[in-house]
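Give me a model of this one.
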Amino acid sequence: MVDYSKWDHIEVSDDEDDTHPNVDTPSLFRWRHQARVERMTEQQNERESFEEGVSKTKGRLAELKRMMEKTEEEGGENVQERLDKLKLEIGELEKQEKHFKEKEAELKKKERLTPWNVDTLSSAGFEKTIINPTDDEKKSKKSDDDIGKDFWDEHEKEIKHYGMLRDYDSSSEFLRKNPHLVCEAAANYLTIWCITLECQEKHDLMSHVARQTIVMQYILELARQIRKDPRDTFLTFFKRIKVADEQYVEAMDDEHRALIGRVKERAKIRMKAIEDEIEEEERKKRLGPGGLDPVEVFDSLPQSMKDCFEKKDIPMLQKVLKEMDPTEARFHMKRCIDSGMWVPDGKTELAGTQEDKK
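The predicted model follows:
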C-alpha cells in the first residue's frame, strides 16, 4: 500500500524534460525548475563548504597532536612554552569541532525538511513514461511538436472547459469522463492560455485558470512519485485534497501565487515583443528611398531645419541652408532625401512632416 503521507511534502514538478517543446521558452515551469535548482545548488554548496571545514579542522587537529607528542619527546629549551601554544590552538580547534557537530545537526534537519521533487526523489529511469509504439505508429512516426499540436487542436475545447471549472468535484467528474486530458500536453496548454489571458487583461480569469493548472501539475507529480499512469491517480488526488491539512493547502496557494507572478512576467515580455514587432513594421513602411526612417532623420535635424519642414516653407529652408556650414548642410539634406522627406525633383515640394510620416 502506498504511503501517501510522503506526498504532503512533494513540490509540484516542472521537470524540463517533461515540458512539451511547444511551450513558450523559457516556459513557466522551467522558471520554477530553475529557481528550485538554484536552491538545491545553494544547499549543496553549503554542505560542501561545511565538509571542507570539517576536513581541514580534523587534519590540523591531528597534526597539532602529533607536534605535541614530538615536542614532549624531544624536550629542549622553552618546551613548556611551545606546549602551551599547541594546547591553546588545540583548544580552539576542539571548540570549532563542537560547532561543526551542531552545524551538521542543523544541516541534516534542513535536508530532512526539504520538500521532495522530481530532482531529488526520482531517478532517471522513472522521469518519463515510455509507451512502446505499435507497428503502425512506427511507420508514421511524428515529432513531439506535431503530437503536441495535434493534441491541442483536437482537445482544445475540452482543455478550456476543464480550465473554467470552479471546484474539485466538477473537475474530478470531468476528468473521470475525459481521462485523456490528464497529461503534460494539457498542463502546457493551460500555462500558455494563462499568458494569453493576462495579455488580454483578463486577470481574474487568468488567476482561476492558473489554479486549475496547478491542480493538473500536482496530479502529474503524484503519478510520477508513485510510478503510475496519471489517469489512474487523479481520483486519489481529489480525495486527498479534500482532507488535506492547512500546511498542504498553503503550499498549493504558494505555488498558485508563484505561477501568477511568472505568468504576468511572461505576458509583459510577450506584449513587449509584439509592440516591438509592430513598431518595426511601421518603421519599415516609413523608410525612404535611401533606407532611412524619416522620423529618426527629423529628430536628428537642427531646430532651424525642423521648423522649415514643420511649416513646409521652402524659401525658409533655403535661407537656413545658406547660413549653415556647406558640409553640414549637404549631410542633412542627403539624409532628408534618403528618408523621403525631401524630393529633389519636386521644386516646390517638401515631404511630410514628422506627424505626416507617422
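
longest single helix anywhere in the protein?
helix 28-74 (DSSP state H).

in the helix or strand just after that one, what's buried?
Under the assignment DSSP states H and E, the closest C-terminal helix or strand after helix 28-74 is helix 79-113. Neighbour counts over helix 79-113 (16 or more other Cβ atoms under 10 Å) mark Arg82, Leu86, Ile90, Leu93, Phe100 as buried. For the C-beta atoms, the positions are set from N, CA and C on the backbone; glycine is no exception.

burial of Leu317, as a residue count?
Using other Cβ atoms under 10 Å, Leu317 has 20 neighbouring residues.

which residue packs closest to it, ignoring adjacent ones?
Nearest residue to Leu317 in three dimensions, chain neighbours excluded: Cys308, at 3.8 Å (Cβ to Cβ, 6 or more residues apart in numbering).

can you check Arg82 too?
Thr71 is the one closest to Arg82 (Cβ to Cβ, 6+ apart), at 5.4 Å.

so the one you found touches Leu83, yeah?
Yes. Using Cβ atoms under 8 Å, Thr71 is in contact with Leu83, at 5.9 Å.

from memory Ile159 sits against Tyr189, does it?
Yes. Counting by Cβ under 8 Å, Tyr189 is a contact partner of Ile159 at 5.1 Å.

residue ranges with poor pLDDT in the chain?
Residues of the chain that meet the criterion pLDDT under 70 lie in 1-38, 110-148, 345-358.

Tell me how it divides into domains.
According to automatic domain parsing, the chain comprises the domains 11-126, 135-283, 294-357.

ok, Ala105 to Asp150 distance?
Distance, Ala105 to Asp150, by Cβ to Cβ, to the nearest Å: 54 Å.

whoops, I mixed them up, Glu97
63 Å.

Same question for Asp307.
Counting by Cβ to Cβ, the separation of Asp307 from Asp150 is 61 Å.

same deal with Leu317?
If you go by Cβ to Cβ, the gap between Leu317 and Asp150 works out to 62 Å.

just Lys109 next, same as before
Taken as Cβ to Cβ, the span from Lys109 to Asp150 is 48 Å.

repeat for Lys284
Lys284 is 35 Å from Asp150, where distance means Cβ to Cβ.

do the same with Lys311
Relative to Asp150, Lys311 is positioned 61 Å away (criterion: Cβ to Cβ).

So Pro294 sits against Trp342, correct?
No. Using Cβ under 8 Å, Pro294 makes no contact with Trp342, being 9.8 Å away.

between those two, who's got more neighbours?
Between Pro294 and Trp342, counting by other Cβ under 10 Å, Pro294 is the more crowded of the two (26 against 22).

Would you quantify the distance from the more buried one to Arg335?
Relative to Arg335, and taking Cβ to Cβ, Pro294 is found at 9 Å.

Give the closest residue to Gln212 in space, chain neighbours not counted.
Gly163 (4.9 Å).

which strands and helices sit next to the helix or strand harbouring that neighbour?
If you go by DSSP H and E, Gly163 is part of helix 144-164. Using 3 or more Cβ pairs under 8 Å, 6 or more residues apart in numbering; DSSP states H and E as the contact test, the elements touching helix 144-164 are helix 168-177, helix 184-199, helix 203-225.

Tell me how far the last one lies from the chain's centre.
A distance of 17 Å separates the C-alpha centroid of helix 203-225 from that of its chain, computed with Cα atoms, centre = their mean, to the nearest Å.

Specify the angle between the helix or strand following that helix and helix 168-177 in degrees.
Following helix 203-225 in sequence order, the next helix or strand is helix 234-242 (DSSP H and E). Helix 234-242 runs at 170 degrees relative to helix 168-177, counting by axes from the mean of the first three to the mean of the last three Cα atoms, to 10 degrees.

Could you pull up the contacting residues of the nearest residue to Val54 once chain neighbours are set aside?
Once flanking residues are discounted, Val54 sits nearest to Phe100: 5.0 Å by Cβ to Cβ, 6+ apart. For Phe100, the contacting residues are Phe50, Gly53, Val54, Thr57, by Cβ atoms under 8 Å, 6 or more residues apart in numbering.

ok, the first one - contacts?
By that I understand Phe50. Here Phe50 is in contact with Phe100, Lys103, Glu104, Leu107 (Cβ under 8 Å, 6+ apart).

Out of the residues you listed, flag the one nearest to Glu46.
Closest approach between the contacts of Phe50 and Glu46, by Cβ to Cβ: Leu107, at 7.0 Å.

And for Asp167, the neighbour number?
Neighbourhood size, Asp167 [other Cβ under 10 Å]: 8.

same deal with Thr236?
17.

Wait, it touches Leu222, no?
Yes. With contact defined as Cβ under 8 Å, Thr236 counts as touching Leu222 (7.0 Å).

related to what we said a few turns ago, tell me, what's touching Ile159 and Tyr189 both at once?
Listed as contacting both Ile159 and Tyr189 by Cβ under 8 Å, 6+ apart are Trp152.
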